[in-house]
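Peer 1: Sequence first, then the predicted structure, then my questions.
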Amino acid sequence: MARPTSLEQSPWLPSFGWWPHPDEFGLTVVLSTHHATTEPASFFDVVLRGYAGSGEPLWEHDVGRIVHGEDRAVQLDELDIPPPPTRNGGVVEIHAIRGDRSPKRNVGFVGMWLDATGRGGGGYLIPTIPIRGQKKVVKRDDLQVIPGVVSSRDVETEIVLLNPILEPTRARLVASSAGGLVVEGEWFDIEPFSAWRSPLSDALPRIRRLLAQDSGIGSLAVYSSHKILPYFGFRRAGQPLVSMDHSAPVFA
Amino acid sequence: MSTIFSRVRELARSDRRDEPRTADESQREFVCHCKHVEYKTVERAIRKGARSISDLQRQTEACTRCFGCRHELERLLDARLGDRYERQSTITLPPELRRVVAPRPMYMPVFAGFDGREIDTRVIVFNWDGPPHPVPFRLDLLRMDGERVRVWDLSVASGCSTVVDLDRNEVGEVLPEGVGVVKLVLESEEVGSLRPYFQFVTPTSITSTHEKKGPVDIHRQKDRNYHWIFPIGSCSSAEDAYFFCTNTQMTPMEGQRLVWQNDAGESAETPFPTLGFSQSACVPLHEAFPALREGRECGAVRLDPATHTVAGFMIRHDPERELWRVQHL
């Protein structure tokens, strides 16, 4: 199923996650009908796609139909697909179209899970997130927060920002020390359907000095012109990037 | 990229990181920290005839907001009244008391020397784009049996983060098994960015995720339309897997099971322990389902039946490299 067709024909919208470079992580997409619903008549047609740099997918994998009661796992290592062109990785799209009924609202989504394990250990386990279709009410789409970032000689926070829309998105990082001192980065662009990735101290060169008085701990605000999907994780010196989580919206 | 290093908010340091009060200090005064009901008030009510939690709720207002003092009140009633104590299996609000609208409490697991490991917990609350004044909140440290063992009254000023270290030095004595739960009760109706994240900190790794909220009404139980699951992907080295879960509802979790199902459709199950309100379990899935530890099989573990609202977390541990990763359900 071509991507435009699936998007135009279904009110069930896709969800997204970070598609890491396979040299760094092995990614499994876990598709659980139990997590989607308890309704026994439900069934889903699932397509996975990988993007890096444009809205034209680099690869597409048709999982086919899964019916209620099935839990399916797709290991990207076992698919004949190209890697993302850079270590920044890309965007993986999970489009699970529920076939037995429409969403209760105009649009909906069926979230799934990513379990990535690092080649050198560690990894991340994270739900896929849509751009539209969530029920939660947020105060604004242009701001998300990451409570608890660390930047010191021993620990670095790594930031990944996903732009899963067809427009370039502008983003800006603002770090705040525990005591309320801030360091503000400049606006930068994230290309459509791309992953932006950086150690926090590369993006905000003064951050270690800012956080030094608070044992290297502070928090981060991520501003963006359109809604994006920020991830963050930590790397101790000499250790792999162990775990990643998503940012939090500011709730209404 | 140039950066601006600016002081945008002048803040008294005392506003942003209050000194934690130990249970000994704060519990000498208050048994109910939401309603600021003192121990002596409850003792007086019992002397004047209170025989149950419901009586204490009516006469003192204790245990009418977050219900975190339930165990302490039960212990007081039991100690003072013995057989005359009218025990209630489920605590509800007496009908004449109006339900208090409060932000949903937020739960997070606490590892402080869990399983003899060098692992500690840190909680971070960030007030960004939120109330311009310092927002008070309370942290209750609970043992796995739901007993509250520490209380911290804290606040977070606008633009600031409040960082609380729940490490072995701070809480090791009151969590002898090295595991517990922290419950955050906001003293504000506005949640905004005040949703806390927690970190597990070890010599080799830091892993983080956000809290899980309790239900809007802890007395109301309804079937869920989806299962909580713990997804299991492929891995190249053995990883332990722990299913951590707190019952956030008054109705006990009984008759639940954990079902492991691989992507070939094969399944196995193990019973889930019965949990009362605020009680927790940390189930080692790798012991019940060895196949998922080795990464040989992929699939998911689900909590079945889908009847409760829980604060759940999945925790993976690579014992060879001593790396941890945590995520909420």
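Peer 2: Sure, I can see it.

Peer 1: host element of residue A:34?
Peer 2: In the assignment (DSSP states H and E), residue A:34 maps to helix A:33-36.

Peer 1: Can you tell me which helices and strands that helix packs against?
Peer 2: strand B:229-232, strand B:299-304 (3 or more C-beta pairs under 8 Å, 6 or more residues apart in numbering or on different chains; DSSP states H and E). Backbone N, C-alpha and C define where each C-beta goes, glycine included.

Peer 1: of all those, which gets the most neighbours per residue?
Peer 2: The densest packing among those, expressed as mean neighbour count by mean count of other C-beta atoms under 10 Å in any protein chain shown, is seen in strand B:229-232 with a mean of 29.

Peer 1: quick one: is that strand near chain A?
Peer 2: Yes - for a cut-off given as C-beta under 8 Å from any C-beta of the partner chain, strand B:229-232 has contacts with chain A, namely B:229, B:231-232.

Peer 1: which residues sit against that strand?
Peer 2: For strand B:229-232, contacts defined as C-beta atoms under 8 Å, 6 or more residues apart in numbering or on different chains pick out A:28, A:30, A:32, A:34-35, A:71, A:73, A:113, A:115, A:125, B:241, B:243, B:285, B:292, B:295, B:297-303, B:314, B:329.

Peer 1: what's the neighbour count on the residue nearest to residue B:74 when sequence neighbours are not counted?
Peer 2: Spatially, and ignoring its direct neighbours in sequence, residue B:74 is nearest to residue B:53 (6.9 Å; C-beta to C-beta, 6 or more residues apart in numbering or on different chains). By the other C-beta atoms under 10 Å in any protein chain shown criterion, the neighbourhood of residue B:53 contains 24 residues.

Peer 1: For residue B:53, what are phi and psi?
Peer 2: According to degrees, to the nearest 10, the main-chain angles of residue B:53 amount to phi -60, psi -40.

Peer 1: Can I get the helices and strands packed on helix A:33-36 in a markdown table including mean pLDDT?
Peer 2: Formatted as a markdown table, these follow (pLDDT from 0 to 100):
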| stretch | mean pLDDT |
| --- | --- |
| strand B:229-232 | 96 |
| strand B:299-304 | 96 |
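
Peer 1: With distance to residue B:108 added, can I get those in a markdown table?
Peer 2: Putting the helices and strands packed on helix A:33-36 into a markdown table (distance: least, C-beta to C-beta, whole Å) gives the following:
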| stretch | distance to residue B:108 |
| --- | --- |
| strand B:229-232 | 17 |
| strand B:299-304 | 18 |
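
Peer 1: which residues touch the residue nearest to residue B:74?
Peer 2: If you count contacts by C-beta under 8 Å, 6+ apart, residue B:53 has them with B:63, B:70, B:73-74, B:77, B:88, B:91.

Peer 1: Is it possible to mark the buried ones in those residues?
Peer 2: Restricting the contacts of residue B:53 to buried positions leaves B:63, B:70, B:73-74, B:77, B:91, with burial counted as 16 or more other C-beta atoms under 10 Å in any protein chain shown.

Peer 1: Which of those residues fall in helices?
Peer 2: With helices identified by DSSP state H, the entries of the buried ones among the contacts of residue B:53 that belong to them are B:70, B:73-74, B:77.

Peer 1: What is the burial count for residue A:212?
Peer 2: A count of nearby residues for residue A:212, using other C-beta under 10 Å, gives 13.

Peer 1: Not counting sequence-adjacent ones, nearest residue to it?
Peer 2: Computed as C-beta to C-beta, 6+ apart, the closest residue to residue A:212 that is not its neighbour in sequence is residue A:152, at 7.4 Å.

Peer 1: Let me know the pLDDT of the nearest residue to residue A:155 once chain neighbours are set aside.
Peer 2: Of all residues not flanking residue A:155 in the chain, residue A:236 sits nearest, at 5.4 Å (C-beta to C-beta, 6+ apart). Residue A:236 carries a pLDDT value of 92.

Peer 1: what does residue A:137 give?
Peer 2: We have a pLDDT of 69 for residue A:137.

Peer 1: Distance of residue B:85 relative to residue B:154?
Peer 2: Taking C-beta to C-beta, to the nearest Å as the measure, residue B:85 and residue B:154 are separated by 34 Å.

Peer 1: ok, those two, which is more surrounded?
Peer 2: In this comparison of residue B:85 against residue B:154, neighbours counted by other C-beta under 10 Å, the higher total goes to residue B:154 at 22 against 18.

Peer 1: Make sure that one is actually in contact with residue B:160.
Peer 2: No - the pair formed by residue B:154 and residue B:160 falls short of the contact definition of C-beta atoms under 8 Å, at 11.4 Å.

Peer 1: so which residue of the stretch 201-329 of chain B comes closest to chain A?
Peer 2: residue B:233 (2.8 Å; C-beta to the nearest C-beta).

Peer 1: Contact distance from chain B - what residues of the stretch 151-252 of chain A qualify?
Peer 2: By C-beta under 8 Å from any C-beta, the part of the stretch 151-252 of chain A that sits against chain B consists of A:155, A:176-186, A:188, A:203-206, A:209-210, A:214-215, A:217-219, A:221, A:232, A:234, A:236, A:239-240, A:242-243, A:245, A:248, A:250-251.

Peer 1: Among the residues you listed, which lie within helices?
Peer 2: Judged by DSSP H, these include A:203, A:209-210 as members of helices.

Peer 1: re the thing from before, which residues touch the helix holding residue A:34?
Peer 2: By C-beta under 8 Å, 6+ apart, the surrounding residues in contact with helix A:33-36 are A:42, A:44, A:66-71, A:96, A:98, A:110-113, B:226-229, B:231, B:261, B:300, B:302.
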